[in-house]
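A.B. asks: predicted structure and sequence below. I'll ask about it afterward.
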Amino acid sequence: MSDDLFKILNAAQQHLDAGSADLPPYSAHPLGESASAILHQVADRLQDNYPYAHPLYAGQMLKPPHPIARAAYTLAMSINPNNHALDGGRASSAMEIEAVAALAKMFHWPQHLGHLSSGGTFANLEALWVAGQLMPGTAIAASDQAHYTHSRISSVLGLPFVTVPSDDRGRMDLTALEPLLATQNIGTVVVTLGTTAIGSVDPLDQILLLQKKYDFRIHVDAAYGGYFTLASNLSPETRTAFDAIPYVDSIVIDPHKHGLQPYGCGSILFRDPAVGRFYKHDSPYTYFSSKDLHLGEISLECSRAGASAVALWATQQLLPYTPGGVFAQGLESSHAAALELHHRLTESTHFLTPSSPPQLDIVFWAVNAPTPETSSALAQSIFDEAAKNDLHLALAKLPVRFFPHNTWLDTPKNDSENKVTCLRSVLMKPEHLLWLDHLWQRLQAAAVHEVASIPQ
Ligand SMILES: *Cc1c(COP(=O)(O)O)cnc(C)c1O
């Protein structure tokens, strides 16, 4: 944390403390003599990590929280409010309601019912729990590229789960979905706007059209991708899918993925506030639109960090969700970085790329080798070699069918078991675009080093 931040945090802490200056003084836990030594031990232990905050970390889905989020969280922790109930945190509950309303507004919802959660998993659990009550006796359907949490949640809830195959770009295959809907057994379709592995975007606009023919709910899992609705540079196809979000029944978006928040900040939004009745049986619907709503009455989780809401609220004041604003530009920059990396990979003789460019900010590619097996082995060694030079990528085992049909001629493409280990990079930091040359040089060097060591 920069000195500047400690300075403004310290001043804000004094401001906060002044609010209770009229209470008799008391002594809290003394830090103790060993505190400093222990913190240094902690620092020492924490060095055993990848440098997640640095732009050369371009591997998994990790984005450092904004300093304002870190400062606001720290400030709130001196009170440690619990957003389960108004008694546990009046101000932080009010801030949560405002912060969640800002998320709903981003999706153009004039009204909603929603709250923050510990993460996308719990938020999706609530969405499917409500879906299960509204569509009893029917199944949840999600694509084979949806987050694995959906099949596990369905099993926790005792709901049947159906996997819908994806097309060769990792998007839900509508020719496979429609016959499933025709069976009348599907009550809810989970549409992923931004899959976690490759950032593919299910064709939500076309799935909505199917609602004219079949009766089913739509839950959008936008835990990772939701904020891209603010980006102005999405492809027309991706834009059309995002523009359909306002018409769905529920949305999950994780401020701790792309919203610059520390972990512990997911959210669930329902379009119809009346679903609040499922959370508390003895309250009429009107209760849930009352101003004195207790968040604990519309949430399955009980105790939750009020500090998460405070951090999100503060970040939204600094970086509002305005198209064309600084926050939106950060997402545009990430998408632009992904397009540029994909372009360079496509031009390179070392690598193989999928035929269409990334829809959001996740890029994946394979190493150019005669078989998926040798390609996979090389991906692993390039990953290791790049890490030695401080470039941190990720690996993902992906279906061979994600690559053009003439890529590995002897490998059956229609066999979904047929996988190749790919290199993968989530370019979620706004700085990644500026750092692209650095990333590229290190990747090239690692490839030259490894490919040269293999007899072709
Ligand atoms: C990350 C993610 C989840 C799970 O969310 P957590 O916050 O990790 O619990 C669910 N769905 C998608 C699409 C995700 O990217």
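C.D. replies: It's in.
A.B. asks: make it CA atoms for all contacts and neighbour counts henceforth
C.D. replies: Will do.
A.B. asks: give me the below-cutoff pLDDT ranges for the chain.
C.D. replies: Where the chain drops to pLDDT under 70, the residues are 1, 281-293, 413-416, 453-456.
A.B. asks: check which helices and strands the lengthiest helix in it sits against.
C.D. replies: Longest helix in the chain by number of residues, with DSSP state H as the criterion: helix 326-347. In this structure, helix 326-347 makes packing contacts with strand 351-352, strand 362-367, helix 436-452, judged by 3 or more CA pairs under 8 Å, 6 or more residues apart in numbering; DSSP states H and E.
A.B. asks: how much does it deviate in direction from strand 362-367?
C.D. replies: Note on geometry: by axes from the mean of the first three to the mean of the last three CA atoms, to 10 degrees, helix 326-347 and strand 362-367 are set 10 degrees apart in direction.
A.B. asks: can you tell me what sits against helix 326-347?
C.D. replies: With contacts defined as CA atoms under 8 Å, 6 or more residues apart in numbering, helix 326-347 is touched by 227-228, 230-234, 319-322, 351-353, 357-363, 365, 427-433, 436, 440.
A.B. asks: buried sites along it?
C.D. replies: Going by neighbour count (16 or more other CA atoms under 10 Å), the buried part of helix 326-347 is 327-342, 345-346.
A.B. asks: wait, which of the helices and strands packed on helix 326-347 is closest to Gly199?
C.D. replies: Comparing the helices and strands packed on helix 326-347 against Gly199 with CA to CA, the closest turns out to be strand 362-367 (5.4 Å).
A.B. asks: what does the helix or strand following the closest one contact?
C.D. replies: Next helix or strand after strand 362-367 toward the C-terminus (DSSP states H and E): helix 372-388. With contact meaning CA under 8 Å, 6+ apart, helix 372-388 is reached by 366-369, 392-395, 400, 408, 419-423, 442-443, 445-447, 449-451.
A.B. asks: do the same with stretch 246-254
C.D. replies: 107-109, 119-120, 123-124, 127, 208, 217-227, 265-272.
A.B. asks: now which of these would you call buried?
C.D. replies: Buried residues within the contacts of stretch 246-254, counting neighbours by 16+ other CA under 10 Å: 107, 109, 119-120, 123-124, 127, 208, 217-227, 265-271.
A.B. asks: near the ligand, which residues of this protein show up?
C.D. replies: Within reach of the ligand by CA under 6 Å from any ligand atom, the chain has these residues: Gly119, Gly120, Thr121, His147, Thr195, Thr196, Asp221, Ala222, Ala223, Tyr224, Gly266.
A.B. asks: the third one is in contact with Thr149, isn't it?
C.D. replies: Yes: counting by CA atoms under 8 Å, Thr121 sits close enough to Thr149 to count as a contact (6.5 Å).
A.B. asks: okay, those two: which has more neighbours?
C.D. replies: A count of neighbours by other CA atoms under 10 Å puts Thr121 above the other of Thr121 and Thr149, at 21 against 14.
A.B. asks: the more buried one: helix or strand, and which one exactly?
C.D. replies: Using DSSP H and E, Thr121 sits in helix 120-134.
A.B. asks: centroid-nearest residue for the chain?
C.D. replies: Tyr224 (2.1 Å; CA atoms, centre = their mean).
A.B. asks: quick one: contacts for the closest residue to that residue other than its chain neighbours?
C.D. replies: Leaving aside its sequence neighbours, Tyr224 sits nearest to Lys257 (CA to CA, 6 or more residues apart in numbering; 5.7 Å). By CA under 8 Å, 6+ apart, the contact set of Lys257 is Met61, Leu62, Lys63, Ala223, Tyr224.
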